[in-house]
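Engineer: predicted model, plus sequence, below.
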Amino acid sequence: MRNKLLFILTSLFIFSCTSQQEKEMQQRKLIKAKRIQEKKEISKTLTAKYNIAYRWDTLNYDYSVEFDSVLASKNQLIQDVRINDIYHKDSIDYVSIITGSNPAFYFDFPVSKEQKKKLLGDDRDLILVISITEIRRTRFSLSGENDGEETSVYLDNSNEFIGRGYIVDILQAKKYKAGIE
C-alpha cells in the first residue's frame, strides 16, 4: 500500500511539472506570435505611408549584388534597431546601427540634432525608415570559443554586411503598436 501511495504521489508530481512546462511553453509561443503579428501590422502601416518594400532585419542574401533591388527602392525599414554607438566625426554626428542576425547588417548614418535627440531619448523601442545607397560584405569576422581552460580565436569568412545611406524618419514603435499614427 505504501509503494502504491508513493507511486501515485510521484506520478502526480511528474504530471504537474510537465503540465506547468507545457503551459509556460504555450505562453512563450503566444508571446512570440503576438510580436510577429505586431511587426506585420507595423510593417503594413509604414509600407503604405513610406512606400516600403523591404525590411533589413529580415533580408537574407549571400552576395552584395543580390541587394540591387533593395537599393533601388526609395525607402526601407528597420524594426529591430540595436544602437551600437552615437559619435562625432568631422563635426557631424553619426549613429552606428546593427540589425539582423544571419546575416548581420551594420549601418553608420549621419544624424541631425533632432534625430540624435530621439535616439538618445528614454524610449529606445524605435523603428527606422532608411534609404540605403551602398552595401558590401565585410571580408572577415572574428569568432571565439572558451572551454574554461583555453580560449581560441578564429578568423572566418564573414556573413556580415556594411551599408551606407541616411535616415528618413525615426519613429516610436509603441505609437504604431497602439495604432496612434
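Structural biologist: That came through fine. The structure displayed is predicted, hence computed values, not measured ones. Residues are numbered from 1 along each chain as shown.
Engineer: can you tell me the centre-most residue of this structure?
Structural biologist: Central residue of the chain (CA atoms, centre = their mean): Asp80, 3.1 Å from the mean position.
Engineer: could you give me the buried positions within stretch 80-88?
Structural biologist: Going by neighbour count (16 or more other CB atoms under 10 Å), the buried part of stretch 80-88 is Asp80, Val81. To be clear about C-beta, it is placed using only N, CA and C from the backbone, and glycine gets the same treatment.
Engineer: give me the residues contacting that stretch.
Structural biologist: Applying CB atoms under 8 Å, 6 or more residues apart in numbering, the external contacts of stretch 80-88 come out as 57, 93-100, 106, 111, 116, 119-120, 124, 126-128.
Engineer: if we use 6 Å, what do you get?
Structural biologist: Residues from elsewhere that reach stretch 80-88 (CB atoms under 6 Å, 6 or more residues apart in numbering): Asp57, Tyr94, Val95, Ser96, Ile98, Thr99, Leu126, Leu128.
Engineer: which helices and strands does the helix or strand hosting the fourth one pack with?
Structural biologist: I take that to be Ser96. Here Ser96, judged by DSSP states H and E, is contained in strand 92-99. Counting contacts by 3 or more CB pairs under 6 Å, 6 or more residues apart in numbering; DSSP states H and E, strand 92-99 packs against strand 82-89, strand 104-111.
Engineer: can you say which of those is nearest to Gly165?
Structural biologist: Closest of these to Gly165 is strand 104-111, at 6.7 Å (criterion: CB to CB).
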